[in-house]
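Novice: Sharing a sequence plus its predicted fold:
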Amino acid sequence: MSSSRPVTIYVNVPSPDPVRYAASEIRRCLMLMTEKNVKIRHVKTSAEWQELTRDSNEGVLVGARGRFEGFLDPDLCPENGVDDETLVVQREGKCIVTGSNPRSVLYAAYDLLRSLGARWPTPGHLGEFLPPTDGEGLFETEINERASFRHRGVCIEGAPSLQDALGMVDWMAKNRMNAFFLQFKTSLYFWRNYYAREYNPDHGELRAVDEAESRRLDEEVIRAAKLRGMMVHRVGHGWTAECLGYPGLGWYEAEKEPDDETRELLAMVNGKREFHGKVPINTELCYSNPEAFDAIVGEIVEYARAHREVDCLHIWLSDSTNNFCECERCRKLTPTDWYVKLLNEVSRRFRDEDIPTKIVFLCYANTLSPPESQTVSDPDGRMIHMFAPISRCYMHSLTDPLCAGGGESGGWELNEVKPPRTNSEYVSIRDSWRRSFDGDSFIFDYYMWKPYLRRMTPLGFAKLINSDIRSYETLGLHGLISCQALRSFYPLGLLMASMAATLWDADTDPEAMMDEQIHLLLGENAPAVKEYLTDIDRVLGAPNHQRHRGPLEDPDLSRLERLIEIIGGFSEKLGAMAAEDERGKRSIELLKHYNRLLGSEAEYLLLRAGDQKSEADEALERIRAYLRDTEEPTRRYLDTWLMLRSLPG
C-alpha cells in the first residue's frame, strides 16, 4: 500500500446493505490497524464503475459479484443466493472484494482483514483483535473460499439482553455464520428471562418486557441480521396454541380452560381432550378434524403473508411427546403422516400466494419416525428438514459406533415413543428419514444449551463439536442451527470458535484453532492455560467408551478428587498471571471464575456422594450465590439463568 496517499474504497450506489456494510467495515478496521486515513467513495453510475475497473489507480473495489462481469472470469465465484463463497483478488492494481451473494461480500471483507491479522475471538470490543500493520498485504492478498456447509446458525435460548443478541449477530458475521433464529412469533420468553431476572433480582435494573417491547427487541435483532445479509429463521413451536387463540410464546400454563368448542379441536389422549400438562404449546390438535387442520394451516399462512422478512419459517408441532390424538380418525395415519399432510397443504398455499418463504420441518418427539403413507411434496425446493437429536449423548461424537445401547430407533406404537439416549440410534433415525426425504437439511443441536454446562470441558466439547460437524456430510446434513444461550463464550469462547470455524471449513484442525484462540486471549500465558484445560479434559472426559454421562453428572469419586488437585494447583498459577491489556485481564478473571466454580461443584458432589446431605445442600447454595454475585463480570460470556438451571442436584 502506497504511503504517499490514502487508501480509497470504492462501492456502488445503490448496493445491498451487506455490501455497503462490508466497505464500511474494511474502512473502520484499516484505519485502526494502519493509523492511516481510509476513504470510501460511492460510485453512482455503471459507466464510472467500469472506468474504475480499467484505470491504473490503486484502490479497493467492494461490490456484488454481478458488478464485475467482464472483469473477472465468469466461472470464478459465480453468483449463488444460497451457498456462500468469498473472493478477494488483485486485478490491475485493484483489490477486488466480492462474493457469491451480498452476505458473502461481507465475509470476503472479513477474510481480507483476517489476512492482515484481524481476529474476533469473542463478542464486544474486548473480543476484537486488530493488530498494527503497514497494510502492504492489502494489494497482495488473494482468497477464494467456499463454505463447507450451507446452514451455519444460532437459535436464541437462555436469558439474553438485547446487547447480547446484537453482539452475537455481529460476532457471527465476523466469523462467517449466516443464520439467526428467533423462536416463537416473538421471543418474549427469552427476553423476559433476562430483563425480569427472577433468577437474580439484585443484578442490574429490572425492566418490564411486554409483547410490544418484545417485538421491538426482535425487530432490532432482525435489522442487525439483515444488515449483514443473514437468513432469518422464526417461530418453531407455538402454532398449535396460536391457532386456537392462546398465546404460543413460551412454556406457560393456559390462563383459562378451553371452552367446549375449542376442546373438540384438541388431541384426545387417554380419553380426554385437554391441554397437555396445562401448557398450550405442549398440546397437539385433532388433525383429522378439518376445523383444527384448517385453523393451523390458516394461522401459518397468515403469518407468512405478513412477515416476508422471514427467510425460513419453522413449522413444528407441540413441544412434547406421546401426546398425539388417539381418536379413531387420527389413528388412521401415523403422527408423522398427519404432519406431512399439514406441511404439504401449507406449501401448496405458499405457492398459490407466491410466498417465497422456506419451510423448516423437523424430526423430533412425535415425528422421530419418517412418514409411512405420505410423501413430502417439494416441487419448488422450499422444504428444509431439521434433525433434532435432543436426547443424544454428548460424551461421544454423533457417528461414534461405540455410542450404542439398547434404545429403539423406530417402530413405536402410538404414544409409546421412547427417545434414544445413544447416538447410534439417532444415526439410524437420521438414515430412515433420509430415505424418505433427500432434500435440503440441517441438524438442530444443543451443545451450549445445557449439555456443556453440565460437563464444563472446554477442550473436549470444542473437539466434540468439530468432530460432529466433520461427520455431517456422511449424514446428509447441510449444516447446523445451534439451539443455545447467546451468552456462550465461557470461559474462553472455544466452543463457539470451533463451531464457526468448522462449519465454514470442515477440514479445520481443532488443536490449531484452539491454540490460536487461547493465544489471542491470553498471550504468553497460553501454554500454561492449555496444559490446565488439557488436564481438566482428561479428568472430565469419557473414562471409557460405554459411559454416556460425565463425572459431574454421575459422580466418580477418584476423578473428582483428582479434579480438585488440578484446580488447587492451577489457582496458584492464576494468581501469578499478569496481562498487558484489558482482553488478557478479562480472560484471566474468567479463568479464575471457571476454576473456582468447577472446584465448588466437585466439592459439592463429593459431599453428596459421602451422604453429607446438609453440608452438600449448603455447598450448592454457595454455588448459586456465587453465580448470582458474579453475573456482572461474566454476563457476556456465561448465561447465569441457564447455569443455575443446569447445576447438579
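Specialist: Happy to help now that I have it. Numbering: from 1, shown residues only.

Novice: Dihedrals phi and psi, the nearest residue to Lys450 once chain neighbours are set aside?
Specialist: Of all residues not flanking Lys450 in the chain, Ser646 sits nearest, at 4.7 Å (C-beta to C-beta, 6 or more residues apart in numbering). In this view, the C-beta of every residue, glycine as well, is placed from N, C-alpha and C. The phi/psi pair for Ser646 (degrees, to the nearest 10) reads phi -100, psi 0.

Novice: Then Gly245?
Specialist: phi 90, psi 10.

Novice: how close does it get to Leu402?
Specialist: 50 Å (C-beta to C-beta, to the nearest Å).

Novice: quick one, helices of the stretch 301-450 of the chain?
Specialist: Using DSSP state H, counting those that start in this stretch, the helices of the stretch 301-450 of the chain run over residues 335-352, 423-436.

Novice: Using CSV, write out every CA atom in the first one.
Specialist: Listed in CSV are the C-alpha atoms of helix 335-352, where the atom choice follows Å, rounded to 0.1, in the frame of the first residue of the first chain:
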residue,chain,number,x,y,z
PRO,A,335,-48.3,-38.7,13.7
THR,A,336,-45.7,-38.0,11.0
ASP,A,337,-48.1,-38.7,8.2
TRP,A,338,-50.5,-36.2,9.6
TYR,A,339,-47.6,-33.8,10.0
VAL,A,340,-46.6,-34.2,6.3
LYS,A,341,-50.2,-33.7,5.2
LEU,A,342,-50.1,-30.4,7.1
LEU,A,343,-46.8,-29.4,5.6
ASN,A,344,-47.9,-30.2,2.1
GLU,A,345,-51.0,-28.1,2.4
VAL,A,346,-49.0,-25.1,3.8
SER,A,347,-46.5,-25.4,1.0
ARG,A,348,-49.3,-25.5,-1.6
ARG,A,349,-50.8,-22.3,-0.1
PHE,A,350,-47.5,-20.6,-0.2
ARG,A,351,-47.1,-21.4,-3.9
ASP,A,352,-50.6,-20.2,-4.7
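
Novice: Averaged pLDDT, that helix. What do you get?
Specialist: Average pLDDT, helix 335-352: 98.

Novice: for the helix or strand where Glu618 lies, which positions count as buried?
Specialist: If you go by DSSP states H and E, Glu618 is part of helix 613-629. For helix 613-629, a neighbour-count test (16 or more other C-beta atoms under 10 Å) marks 616, 619-620, 623, 627-628 as buried.

Novice: Closest one of those to Asn175?
Specialist: Among those, Leu627 lies closest to Asn175 (C-beta to C-beta), at 27.5 Å.

Novice: Quick check, pLDDT for the closest one.
Specialist: As predicted, Leu627 sits at a pLDDT of 98.

Novice: circling back: helix or strand right after the helix holding Glu618?
Specialist: helix 631-634.

Novice: any chance you could map the strands in the stretch 501-649 of the chain?
Specialist: Using DSSP state E, counting those that start in this stretch, the stretch 501-649 of the chain contains no strands.

Novice: where does this protein dip in pLDDT?
Specialist: Within the chain, the stretches with pLDDT under 70 are 1-5, 56, 542-546, 649.

Novice: Domains in it, by residue range?
Specialist: What automatic domain parsing lists as the domains of the chain is 7-146, 230-384, 521-646.

Novice: Could I get the ones you listed in CSV, plus columns for distance to Lys463?
Specialist: As requested, those are exported to CSV (distance: least, C-beta to C-beta, whole Å):
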stretch, distance to Lys463
domain 7-146, 17
domain 230-384, 26
domain 521-646, 8
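
Novice: Now stretch 585-597: buried residues?
Specialist: Neighbour-count burial for stretch 585-597 [16+ other C-beta under 10 Å]: 586-597.

Novice: cool, and stretch 182-189?
Specialist: Residues of stretch 182-189 classed as buried by neighbour count (16+ other C-beta under 10 Å): 182-189.

Novice: Leu130 is nearest to which of the helices of the stretch 301-450 of the chain?
Specialist: Closest among the helices of the stretch 301-450 of the chain, using C-beta to C-beta: helix 423-436, at 40.7 Å.
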